[in-house]
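# Predicted model and sequence follow; I will ask about them next.
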Amino acid sequence: MSLSATAPLKHAGSLFAFALDTLRASVRRPFQLKEFLQQAWFVASVTIIPTALVAIPFGAVIALQVGGLIKQFGAQAFTGSAAVLAVVREASPIATALLIAGAGGSAICADLGARKIREELDAMMVLGIDPIQRLVVPRVLATMMVAFFLNGFVSVVGVMGGYVFNVVLQDGTPGSYIASFTALAHLPDLWQGQVKALVFGFIAAIVASYKGMNAGGGPKGVGDAVNQSVVITFMLLFVANFSMTAIYFQLVPPKGA
């Protein structure tokens, strides 16, 4: 089977158009509140425990790396601030997004893909029901909401994990670690992480829904769509993370600059 050189551009355009259709459908009435709540609970239930387990080593690794580096410069008093900055700005949104895409996104893609091969989506369109408004919009909004709250949860757990490992393994001072939180970090850093989580949740849900609604070829096609959605989401997340971080540094200068 030969692939056209323009196929990636075609798929990218279709994905962008799908995202625009979802945004347009999100303001239509009626809003599927029951579906939204069910999907929010489902995504939270499959991601909260893995996220908590990943957040602890994320914070610990960052604390150990940052603590060791800062110790070489004799600035141990800033260990807590640097670790908090790394967790809140970068590690927490990325960890949340990867788990949302890997667990929640794959489940969304598999669900919509199964509906596609059973021709449920075609039946809905015959009945005059928009599948995007009925199925996609609640899943996208639910994923964004769960990502927002999970990011805050990961930030807290990551900072606590970094605190424990810094104090226990690096002989850090508990009071100094906590007192230095505001030396480099400030409130816009937290809001940037929360906005990142919202955007990452949107990307993960859009890609998963798009690949699921365009799955074909039976159960094997659904499995391929799930794999593709996870890979594409990971690639887009890192591009979006770099872009948002660059924009943030242009708009909000570092504290003390």
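Arrived safely. Residues are numbered from 1 along each chain as shown.
# which helices and strands does the helix or strand encompassing residue 65 pack with?
For residue 65, the element it lies in under DSSP states H and E is helix 33-72. For helix 33-72, the elements it packs on are helix 79-86, helix 92-99, helix 106-117, helix 137-169, judged by 3 or more C-beta pairs under 8 Å, 6 or more residues apart in numbering; DSSP states H and E. Where you see a C-beta, it was placed from the backbone N, CA and C, and this is true even at glycine.
# Would you mind listing the buried residues in the helix or strand that comes right after the last one?
Taking DSSP H and E as the definition, the helix or strand that follows helix 137-169 towards the C-terminus is helix 174-179. Within helix 174-179, the residues that count as buried by 16 or more other C-beta atoms under 10 Å are residue 177.
# Tell me how far helix 174-179 lies from the chain's centre.
Here helix 174-179 is found 30 Å from its chain centre; the criterion is C-alpha atoms, centre = their mean, to the nearest Å.
# and it, what other elements does it pack with?
Using 3+ C-beta pairs under 8 Å, 6+ apart, helix 174-179 is in contact with helix 79-86, helix 137-169.
# any chance of the helices and strands packed on helix 33-72 in TSV, plus distance to residue 68, mean pLDDT and mean neighbour count?
What follows is the helices and strands packed on helix 33-72, written out as TSV (distance: least, C-beta to C-beta, whole Å; pLDDT from 0 to 100; neighbours: other C-beta atoms under 10 Å):
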stretch	distance to residue 68	mean pLDDT	mean neighbour count
helix 79-86	9	75	26
helix 92-99	21	85	26
helix 106-117	36	90	22
helix 137-169	10	86	22
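# what's near enough to touch the nearest residue to residue 144 once chain neighbours are set aside?
Closest residue in space to residue 144, ignoring its immediate chain neighbours: residue 201 at 4.1 Å, by C-beta to C-beta, 6 or more residues apart in numbering. When contacts are counted by C-beta atoms under 8 Å, 6 or more residues apart in numbering, residue 201 touches 97, 100, 143-148.
# for residue 46, same thing?
By C-beta under 8 Å, 6+ apart, the contact set of residue 46 is 103-104, 107.
# Take the residues you listed and write them to TSV, including distance to residue 93.
TSV is the format used below for the contacts of residue 46 (distance: C-beta to C-beta, whole Å):
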residue	distance to residue 93
103	16
104	15
107	21
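# List just the nearest of the residues you listed to residue 158.
Nearest to residue 158, judged by C-beta to C-beta, of the contacts of residue 46 is residue 103 at 18.3 Å.
# ok, the closest one touching residue 50?
Yes. Here residue 103 lies in contact with residue 50, judged by C-beta atoms under 8 Å, at a distance of 6.3 Å.
# between those two, who's got more neighbours?
Taking other C-beta atoms under 10 Å, residue 103 and residue 50 do not tie; residue 103 has more neighbours (20 against 14).
# What distance do you get for that one to residue 92?
Noted for residue 103: a distance of 17 Å to residue 92, by C-beta to C-beta, to the nearest Å.
# what do you get for residue 35?
Residue 35 sits 28 Å away from residue 92, going by C-beta to C-beta.
# From residue 43, how far out is the residue most central in space within the chain?
By C-alpha atoms, centre = their mean, the chain has its centre lying nearest to residue 97, at 2.1 Å. Residue 97 is 13 Å from residue 43, where distance means C-beta to C-beta.
# Pass me the low-pLDDT residue ranges in the stretch 101-250 of the chain, would you?
In the predicted model of the stretch 101-250 of the chain, residues 182-184 satisfy pLDDT under 70.
# Please report the number of neighbouring residues for the residue lying closest to residue 199 once chain neighbours are set aside.
Nearest residue to residue 199, sequence neighbours excluded (C-beta to C-beta, 6+ apart): residue 240, at 6.0 Å. For residue 240, the neighbour count with other C-beta under 10 Å is 17.
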